[in-house]
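Novice: okay, here's the prediction I keep looking at, along with the sequence it came from:
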Amino acid sequence: MSKNEFPSLNALRVFEAVARLHSFKNAAAELGVTQSAVSRQLTTLEQQLGVKLIQRDNRMHALTTAGQVLAPELHRVFRQLERIVTYTINEGDQARRIITIGISHEIYTQWLAPALDEFKQLYPHLELRFVQLPEYMDRSNEDTLTSQLLRNEIDVLLVFGKSAQKSLLSQVLLSLPLQLYTAAANGTVSTPAKEFIRIDHQTLPNQLSSQLKQFSALQLERQTSAQSSLMAATLVPVQNAAVILPVLYQQLAEANQLQCHGNIDSNQELAVIIRKEDDRELGMVALLQWLEYRAKRFKY
């Protein structure tokens, strides 16, 4: 293929959309063209490249080997172009970089928010925006949480848990002890907790039951769940319950007058997750370095 025969950006964009959406119809809707136009662009692209990219003998439009090689690289390139264009539009004359962070209410208020003034002073050209997401990530909700990163809806995910997806980078900021809390004693009388509240997607050790037996403050008879640490901490005194929280949430526990009974034999990791292609972008590097610095200063 000569230089003059290099395929058009539009044809490559059409193929990227079809490969990502697994559908001519959905690609056409996203790009605002007809399905026949999509098909024509793909045929032209294949002719120019001299290779077949898509098998058209089934409804799924499966990629050929060549298509499987090309699709992820195009996806990465077009995502980078979108970010550059968005950055240029938002920058204007102010040279501002907007970074959107997915974070839970609890992690934001208990750890990040108190230091944001410091960040603004250090990096006045970086603007942080926040999208509220669940605080814990496990295998059952990993795809849901990380999809916002992959769709470019957020730039950073701050969460308890790590992602194994190859297109993402996970960096542990803090490895935090887990502590057992119950309702504070009423005067000199303390009734053992009857109920254990487990927070959605919170990862706890397999031997948790045997570990909890050492605590005299517990006579657990049932288990329930809560959507967040804030909800769990609020329910503990109401339901005479017990909950396990990372040491990061000491102030949350104190605000709800919970009594700490010490650590259990397990840690919870707070991680920052970004797209691999962003790890050298200047604004992202600055944010990650500041988060590392913030983590090193955290004391408990």
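Specialist: Received the coordinates, thanks.

Novice: what is the burial count for His118?
Specialist: One correction, residue 118 is Glu, not His. Per other Cβ atoms under 10 Å, the neighbour tally for Glu118 reads 12. To be clear about C-beta, it is placed using only N, CA and C from the backbone, and glycine gets the same treatment.

Novice: need phi/psi at it.
Specialist: Here is the backbone geometry of Glu118 (degrees, to the nearest 10): phi -60, psi -40.

Novice: from here on, call the first residue 39.
Specialist: Shifting the count to begin at 39 puts that one at Glu156.

Novice: distance of it from Tyr287?
Specialist: According to Cβ to Cβ, to the nearest Å, Glu156 and Tyr287 sit 21 Å apart.

Novice: elements contacting the lengthiest strand in the chain?
Specialist: Longest strand in the chain by number of residues, with DSSP state E as the criterion: strand 296-313. Helices and strands touching strand 296-313, by 3 or more Cβ pairs under 8 Å, 6 or more residues apart in numbering; DSSP states H and E, are helix 180-188, strand 194-198, strand 206-221, helix 246-250, helix 267-277, strand 279-284, helix 320-335.

Novice: could you give me the buried positions within that strand?
Specialist: For strand 296-313, a neighbour-count test (16 or more other Cβ atoms under 10 Å) marks 296-297, 299, 302, 304, 306-313 as buried.

Novice: can I get those residues in TSV including pLDDT and distance to Tyr146?
Specialist: Converted to TSV, the buried residues of strand 296-313 look like this (pLDDT from 0 to 100; distance: Cβ to Cβ, whole Å):
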residue	pLDDT	distance to Tyr146
Leu296	94	20
Gln297	92	25
His299	92	27
Ile302	91	25
Ser304	90	24
Gln306	94	17
Glu307	95	18
Leu308	97	12
Ala309	97	15
Val310	97	13
Ile311	97	16
Ile312	96	17
Arg313	94	21
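
Novice: now the two most distant members of those.
Specialist: Maximum pairwise distance among those (Cβ to Cβ): 42.1 Å, between Gln297 and Arg313.

Novice: name the nearest residue to Glu54, sequence neighbours excluded.
Specialist: In space, and not counting its chain neighbours, Glu54 is closest to Leu112: 4.2 Å by Cβ to Cβ, 6 or more residues apart in numbering.

Novice: doesn't Val52 make contact with the one you found?
Specialist: No: if you go by Cβ atoms under 8 Å, Leu112 and Val52 don't touch, sitting 10.3 Å apart.

Novice: higher neighbour count, those two?
Specialist: Higher neighbour count among Leu112 and Val52: Val52, with 25 against 16, using other Cβ under 10 Å.

Novice: what's the separation between that one and Ser178?
Specialist: 35 Å.

Novice: please apply the same query to Lys334.
Specialist: Computed with Cβ to Cβ, the distance linking Lys334 and Ser178 is 32 Å.

Novice: the bottom helix or strand of the protein by mean pLDDT?
Specialist: helix 103-129 (a mean of 79; mean pLDDT, DSSP states H and E).

Novice: residue ranges in this protein under the pLDDT threshold?
Specialist: Applying pLDDT under 70 to the chain flags the ranges 39-43, 95-99, 125-134, 224-228.

Novice: need the residue closest to the centroid of it.
Specialist: Leu195 (3.6 Å; Cα atoms, centre = their mean).

Novice: coming back round to it: tell me the angle the longest strand of the chain makes with helix 180-188.
Specialist: For strand 296-313 against helix 180-188, the angle between stretch directions is 50 degrees (axes from the mean of the first three to the mean of the last three Cα atoms, to 10 degrees).

Novice: export strand 296-313 to PDB, keeping only CA atoms.
Specialist: Taking C-alpha atoms only, strand 296-313 is exported to PDB below (Å, rounded to 0.1, in the frame of the first residue of the first chain):
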ATOM      1  CA  LEU A 296     -19.100   3.500  67.600                       C
ATOM      2  CA  GLN A 297     -16.700   1.500  69.900                       C
ATOM      3  CA  CYS A 298     -13.600   0.000  68.400                       C
ATOM      4  CA  HIS A 299     -12.600  -3.400  69.600                       C
ATOM      5  CA  GLY A 300      -9.300  -3.700  67.800                       C
ATOM      6  CA  ASN A 301      -8.000  -5.000  64.500                       C
ATOM      7  CA  ILE A 302      -8.800  -8.200  62.700                       C
ATOM      8  CA  ASP A 303      -6.100 -10.100  60.900                       C
ATOM      9  CA  SER A 304      -6.600  -8.600  57.400                       C
ATOM     10  CA  ASN A 305      -5.900  -5.400  55.500                       C
ATOM     11  CA  GLN A 306      -7.900  -3.400  52.900                       C
ATOM     12  CA  GLU A 307      -6.100  -1.900  50.000                       C
ATOM     13  CA  LEU A 308      -7.000   1.600  48.700                       C
ATOM     14  CA  ALA A 309      -6.000   1.800  45.000                       C
ATOM     15  CA  VAL A 310      -5.900   4.400  42.300                       C
ATOM     16  CA  ILE A 311      -6.800   3.000  38.800                       C
ATOM     17  CA  ILE A 312      -6.100   4.700  35.500                       C
ATOM     18  CA  ARG A 313      -6.000   3.800  31.800                       C
END
